[in-house]
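>>> Here is a sequence with its predicted model. Questions after.
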Amino acid sequence: MKFHKSMMWLVSAILLLATACNKETHQPVNSGGEKPGVITNVSVSNMAGAAKITYSLPDNKDILYVKAVYNIRPGEKREIRSSYYNNFLVVDGFGDTTTHDISLYVVSRNEAASDPVMASVKPLSPPMLLVRKSLAVKADFGGININFNNVSKADIAIVMLTTDSLGVFGPADIHYTKLENGNYAIRGFAAEKRKFGFFVRDRWGNQSDTLMQEIIPIFEKLLDKKNFKEVKLPGDTDYGWGYPIPNLWAGTMWHSADKLDGMPMSISFDLGVVAQLSRITLWQRPNEWIYLQNNVRKFEIWGSTNPASDGSWDSWTRLVEHTVIKPSGLPVGQKTQDDIDAAIAGEQMTVPLDAPKVRYIRLKILRTWTDGGYAANIQEMKFWGNDK
């Protein structure tokens with residue numbers, strides 16, 4: 001019995017010792033909380049809206065990270081951390097090109113911070129200001145057209161201001177983008193002089209000065225489908241399955257006859273008026289047919305005021321070249337709610353501002369969702385523009 005009790009005491013003592021050792025190994029290396037040493041050999045490389053700070057770490061073995069503390073603008077503090085595996089960090093978020101003081105700290109594993117080392121940075125022009133300088137705004141159909149360059153592909157927002165129905169001048173549209181360059185339109189305005197403002201904002205809340213302009217939007221209307229009529233030119237495809245071309249503007253689907261030699265195929269029709277077109281919307285055959293079978297996938301829209309009677313293309317000008325993009329990217333036969341929503345909205349196409357006036361439309365279909373197919377269908381088409 002004595003031997004048994006002695007063994008139990010011995011085992012208990014060993015377990016206690018092991019536990020104590022285990023706890024010891026999980027304590028911070030610098031358990032006393034002493035300040036670590038400071039960084040040395042600090043150098044600065046200024047960047048667009050940012051700066052890269054390179055340094056040498058102290059000899060302390062318990063360093064966890066280096067942090068930079070600074071203000072990107074008065075009252076707006078920012079902190080950046082960099083692992084002890086690195087010898088640099090990047091301070092960003094600056095909205096100007098003035099000098100900024102940066103406090104640099106070495107932080108140990110027990111969160112003890114060193115004395116600060118000060119560095120001064122003078123960022124180059126931030127992307128937000130560069131985008132603002134690139135803004136080019138002009139009149140467009142029913143609104144305005146905005147062109148911009150964003151060389152660094154920064155995450156920015158272009159804010160448009162104008163007067164609302166109560167006469168208050170303020171934000172009316174925000175365009176978020178990371179694109180290297182872009183061009184977009186904001187519509188819904190009457191063809192009368194209106195004051196517009198534009199500024200650029202970045203993800204840190206910095207914003208540029210405001211570009212102010214007075215612009216008269218170009219008159220735009222939805223062309224009256226009552227004036228439309230079919231035109232049959234040599235080489236154009238016949239309709240099939242009882243779905244003729246006038247169904248295009250009635251919203252009840254046009255379907256081609258089978259074209260045994262495959263794509264391309266073309267159809268033509270008359271808008272009934274000479275107009276400078278601004279935009280066109282095309283809808284697929286809906287429901288279970290979207291992004292399937294004979295729905296058009298790649299096509300061109302051509303225009304003319306006096307088409308050649310022999311069916312040649314010399315008298316036509318290409319207005320739009322368009323490929324239908326399935327938002328989900330899923331294989332043919334599979335679709336998501338985003339795909340369905342996009343199909344319901346229709347294919348939105350903008351006609352270049354410098355495109356000539358036209359009266360006749362010729363649709364050249366290059367590809368459907370059945371590659372190698374020999375038939376096509378479209379549910380509906382609408383046209384906007386200035387027929388004055």
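Alright, I've got the coordinates. Numbering: from 1, shown residues only.
>>> which residues of the stretch 251-388 of the chain score low on pLDDT?
For the stretch 251-388 of the chain, no stretch is flagged by pLDDT under 70.
>>> mind listing the helices for it?
Using DSSP state H, counting those that start in this stretch, the helices assigned to the stretch 251-388 of the chain run over residues 337-345.
>>> mind checking how far residue 311 is from residue 73?
Per Cβ to Cβ, to the nearest Å, residue 311 is found 65 Å from residue 73. Where C-beta positions appear, they are placed from N, C-alpha and C, glycine not excepted.
>>> Leaving out chain neighbours, which residue sits closest to residue 338?
Residue nearest to residue 338 in three dimensions, not counting chain neighbours: residue 327, with 4.3 Å by Cβ to Cβ, 6 or more residues apart in numbering.
>>> what about the one you found, neighbour count?
Residues near residue 327, counting by other Cβ atoms under 10 Å, number 15.
>>> Also residue 39?
By the criterion of other Cβ under 10 Å, residue 39 has 22 neighbours.
>>> gap between residue 38 and residue 100?
Residue 38 sits 20 Å away from residue 100 when distances are taken as Cβ to Cβ.
>>> err, residue 144, not the other one
Following Cβ to Cβ, the distance that separates residue 144 from residue 100 is 36 Å.
>>> What of residue 63?
To residue 100, residue 63 is 25 Å away according to Cβ to Cβ.
>>> quick one, which of those two is more surrounded?
In this view residue 63 and residue 100 are compared by other Cβ under 10 Å, and residue 63 has more residues nearby, 22 against 19.
>>> how far away is residue 186 from residue 382?
According to Cβ to Cβ, residue 186 and residue 382 sit 19 Å apart.
>>> neighbour count winner among these two?
residue 186 (19 against 16).
>>> Now do the same for that one: helix, strand or coil?
Following DSSP: H, G, I helix; E, B strand; the rest coil, the label given to residue 186 is strand.
>>> for it, what are its contacts?
143, 144, 146, 160, 172, 173 (Cβ atoms under 8 Å, 6 or more residues apart in numbering).
>>> what is it paired to in the beta sheet?
With DSSP bridges as the criterion, residue 186 is bridged to residue 144.
>>> Now stretch 142-152 - C-alpha only, PDB.
The C-alpha trace of stretch 142-152 is given here as PDB (Å, rounded to 0.1, in the frame of the first residue of the first chain):
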ATOM      1  CA  GLY A 142     -31.300  62.800 -73.000                       C
ATOM      2  CA  GLY A 143     -28.400  63.700 -70.700                       C
ATOM      3  CA  ILE A 144     -24.700  63.800 -70.500                       C
ATOM      4  CA  ASN A 145     -21.700  61.700 -71.500                       C
ATOM      5  CA  ILE A 146     -18.700  61.200 -69.100                       C
ATOM      6  CA  ASN A 147     -15.300  60.000 -70.100                       C
ATOM      7  CA  PHE A 148     -12.500  59.300 -67.700                       C
ATOM      8  CA  ASN A 149      -9.000  57.700 -67.300                       C
ATOM      9  CA  ASN A 150      -8.000  55.700 -64.200                       C
ATOM     10  CA  VAL A 151      -4.500  54.600 -65.000                       C
ATOM     11  CA  SER A 152      -3.900  52.900 -61.600                       C
END
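>>> And the contacts of that stretch?
Defining contact as Cβ under 8 Å, 6+ apart, one finds that stretch 142-152 is touched by 48, 127, 130-131, 134-139, 156, 158, 160, 175, 177-189, 191, 196, 198, 215, 217-220, 278, 353, 384.
>>> Now go through the residues you listed and say which are in strands.
Among these, the residues falling in strands (DSSP state E) are 136-139, 156, 158, 160, 175, 177, 181-187, 196, 198, 215, 278, 384.
>>> Quick check on the residues you listed: which are buried?
For these, a burial check counting by 16 or more other Cβ atoms under 10 Å picks out 137, 139, 156, 158, 160, 175, 177, 184-186, 196, 198, 215, 278, 384.
>>> Determine which two of those residues are furthest apart.
Greatest spatial distance among these (Cβ to Cβ): 156 and 384, at 29.3 Å.
>>> how far away is residue 343 from residue 93?
According to Cβ to Cβ, residue 343 and residue 93 sit 41 Å apart.
>>> To clarify, my last question referred to residue 183.
In this view, residue 183 and residue 93 are 28 Å apart by Cβ to Cβ.
>>> about what we covered before: among the contacts of residue 186, which one sits closest to residue 316?
residue 143 (28.2 Å).
>>> check contacts around the closest residue to the closest one other than its chain neighbours.
Once flanking residues are discounted, residue 143 sits nearest to residue 187: 3.9 Å by Cβ to Cβ, 6+ apart. Residue 187 sits next to 140, 141, 142, 143, 217, 220 when contact means Cβ under 8 Å, 6+ apart.
>>> before we move on, what about residue 290?
When contacts are counted by Cβ under 8 Å, 6+ apart, residue 290 touches 284, 335, 339, 340, 343.
>>> isn't the third one right next to residue 328, touching?
So that's residue 339. Yes: taking contacts as Cβ atoms under 8 Å, residue 339 lies within contact range of residue 328: 5.1 Å.
>>> Write down the beta-bridge partners of residue 383, one by one.
Applying DSSP bridges to residue 383 gives these bridge partners: residue 280.
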